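Chemist: Fold the following.
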Amino acid sequence: MKIVVAMDSFKGSLTSLQAGQAVREGALRAIPSAEVTVRPLADGGEGTVEALVRGMNGRLRRIRVTGPLGAPVDCAYGILPDGDTAVVEMAGAAGLPLVDPVRRDPLRATTYGVGQVLRDAMEQGCRRFIVGIGGSATNDGGAGMLQALGYDFLDARGRPIAPGAAGLAELHTISAAHVLPRLAECRFRIACDVTNPLCGPNGCSAVYGPQKGAAPAMIGPMDGWLRHYAALAAQLYPDKADPDHPGAGAAGGMGFAFLTFTNAVLEPGIGIVLSETGLEGYIRQADLVVTGEGRLDGQTAMGKAPVGVARLAKQYGKPVIAFAGSVTAGASACHDRGIDAFFPALRQICTLGEAMDPDTARRNLADTAEQAFRLWQTAKACL
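Modeler: Here you go, the predicted structure:
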């Protein structure tokens, strides 16, 4: 029997591969003869670098870059075995978790460090990039990143604008005169699961600004600055600068920056990960597909990683089961999205901290998987 396991991480508890190995352990207890293959899974957000690097035998590289509020931070990114592909999470250099809640300020927060990561990867020989842009602390339209890549963002006196969204208020000219030549050789697959435009009532300032520390009085000015920025970008790249493109408003306008100033496409994160890991080939040969995540709920059914796996499995008529740290009533919607059955791993009453302890979570997951596979074997014997 061939089983393919592709588990998303149990955030704060188990990585994708740790969760997958726990399921594998339980499966082999129940069916010792099974051939169980564990593959990495992520949705383009937190954990994508680790999942792809570890799951595809790549390597991690750590560098010190400018953090969202200017202080240096250590950021890890991955280089896959081909030596050409880098995997980057912008949150590692400009993420909301890097800023204390009381200090969050999109007027100051910059994406400059993200550009430094990309630049370093180019120096390592990478020309293909997988970039997850979720979880940003910024609303600078990606200007900081572009400055790090050599674009000139200048005020009326020809001086570089200040970091953060407030710098866009000074923006007078954008120039490509000093852009890194190697940027033209690069291709970017941007993991983006939102469709917000850059500006307007559904734009990044209005929708995501408050969670990044924006007071109500900041929203209108930031939106206007981004609109002006988009107009200047259109002067430089009239065929590419589209502030209304779905996803242009992702990550405080980072989607717009990639679409306009680089050779990039925005794609659902799970689609990128599934194609890069070659999961389809493994599923095609499987008898059973296993997936899951830390919490299975109604949001899972809206297109999160486990449903992406299930959708792919159903293309080949494969049965799919899922395991989760916990499930909610809304998780039943997953049945209509290709997950045939799901099982919560929690096995006794305990605190959240106890449940999320990695050793406990691993043991619970393996034990639950064992019982699910024993049921599978019993059901097959009855047919």
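Chemist: Could I get the buried residue list for stretch 123-141?
Modeler: Buried residues in stretch 123-141, defined by neighbour count with 16 or more other C-beta atoms under 10 Å: 126, 128-141. Every residue, glycine included, has its C-beta placed from N, CA and C.
Chemist: Ignore what I typed, I meant stretch 237-252.
Modeler: Here stretch 237-252 shows Lys240, Ala241, Asp242, Pro243, His245, Gly247, Ala248, Gly249, Ala250, Ala251, Gly252 as buried, counting by 16+ other C-beta under 10 Å.
Chemist: mind putting those in JSON lines, secondary structure and pLDDT included?
Modeler: Shown next, in JSON lines, are the buried residues of stretch 237-252 (DSSP: H, G, I helix; E, B strand; the rest coil; pLDDT from 0 to 100):
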{"residue": "Lys240", "secondary structure": "coil", "pLDDT": "97"}
{"residue": "Ala241", "secondary structure": "coil", "pLDDT": "97"}
{"residue": "Asp242", "secondary structure": "coil", "pLDDT": "97"}
{"residue": "Pro243", "secondary structure": "coil", "pLDDT": "97"}
{"residue": "His245", "secondary structure": "coil", "pLDDT": "97"}
{"residue": "Gly247", "secondary structure": "coil", "pLDDT": "96"}
{"residue": "Ala248", "secondary structure": "coil", "pLDDT": "97"}
{"residue": "Gly249", "secondary structure": "coil", "pLDDT": "97"}
{"residue": "Ala250", "secondary structure": "helix", "pLDDT": "95"}
{"residue": "Ala251", "secondary structure": "helix", "pLDDT": "95"}
{"residue": "Gly252", "secondary structure": "helix", "pLDDT": "96"}
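Chemist: show me the contacts for Leu28.
Modeler: Listed by C-beta atoms under 8 Å, 6 or more residues apart in numbering, the contact partners of Leu28 are Ala34, Val36.
Chemist: how close does it sit to Asp336?
Modeler: To Asp336, Leu28 is 31 Å away according to C-beta to C-beta, to the nearest Å.
Chemist: Likewise for Arg64?
Modeler: Computed as C-beta to C-beta, the Arg64 to Asp336 distance reads 47 Å.
Chemist: Also Lys318?
Modeler: Here the criterion is C-beta to C-beta. By it, Lys318 lies 17 Å from Asp336.
Chemist: More neighbours: the two, which one.
Modeler: Lys318 (19 against 9; other C-beta atoms under 10 Å).
Chemist: how about the more buried one, secondary structure?
Modeler: Taken by DSSP: H, G, I helix; E, B strand; the rest coil, the conformation at Lys318 corresponds to coil.
Chemist: So it is in contact with Tyr282, correct?
Modeler: No - the pair Lys318 / Tyr282 is not scored as a contact, 10.6 Å apart, by C-beta atoms under 8 Å.
Chemist: what about the closest residue in space to Tyr316 that isn't next to it in sequence, how many neighbours?
Modeler: Closest residue to Tyr316 apart from its sequence neighbours, by C-beta to C-beta, 6 or more residues apart in numbering: Arg284 at 5.5 Å. Other residues within reach of Arg284, judged by other C-beta under 10 Å, total 13.
Chemist: so where do the strands sit in this protein?
Modeler: With DSSP state E as the criterion, the chain has strands at 2-7, 35-39, 59-66, 72-79, 85-89, 128-132, 152-154, 173-175, 187-191, 264-267, 288-296, 320-327, 341-344.
Chemist: could I have the third one exported to CSV, CA atoms only?
Modeler: Presented in CSV, the C-alpha positions along strand 59-66 are these (Å, rounded to 0.1, in the frame of the first residue of the first chain):
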residue,chain,number,x,y,z
ARG,A,59,20.1,24.9,2.5
LEU,A,60,19.3,27.8,4.7
ARG,A,61,21.3,31.0,4.6
ARG,A,62,21.1,33.6,7.3
ILE,A,63,22.0,37.2,6.8
ARG,A,64,21.6,40.4,8.8
VAL,A,65,19.4,43.0,7.1
THR,A,66,17.5,46.2,8.0
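Chemist: Count the residues that sit near the nearest residue to Ala355 once chain neighbours are set aside.
Modeler: Leaving aside its sequence neighbours, Ala355 sits nearest to Leu346 (C-beta to C-beta, 6+ apart; 5.9 Å). By other C-beta under 10 Å, 18 other residues sit near Leu346.
Chemist: check contacts around Leu346.
Modeler: Leu346 neighbours (C-beta under 8 Å, 6+ apart): Gly325, Ser326, Ala355, Asn364.
Chemist: Got phi/psi on it?
Modeler: Main-chain dihedrals, Leu346, degrees, to the nearest 10: phi -60, psi 130.
Chemist: could the buried residues of stretch 237-252 go into JSON lines alongside distance to Phe342?
Modeler: Converted to JSON lines, those look like this (distance: C-beta to C-beta, whole Å):
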{"residue": "Lys240", "distance to Phe342": "43"}
{"residue": "Ala241", "distance to Phe342": "44"}
{"residue": "Asp242", "distance to Phe342": "40"}
{"residue": "Pro243", "distance to Phe342": "40"}
{"residue": "His245", "distance to Phe342": "36"}
{"residue": "Gly247", "distance to Phe342": "30"}
{"residue": "Ala248", "distance to Phe342": "35"}
{"residue": "Gly249", "distance to Phe342": "33"}
{"residue": "Ala250", "distance to Phe342": "30"}
{"residue": "Ala251", "distance to Phe342": "31"}
{"residue": "Gly252", "distance to Phe342": "35"}
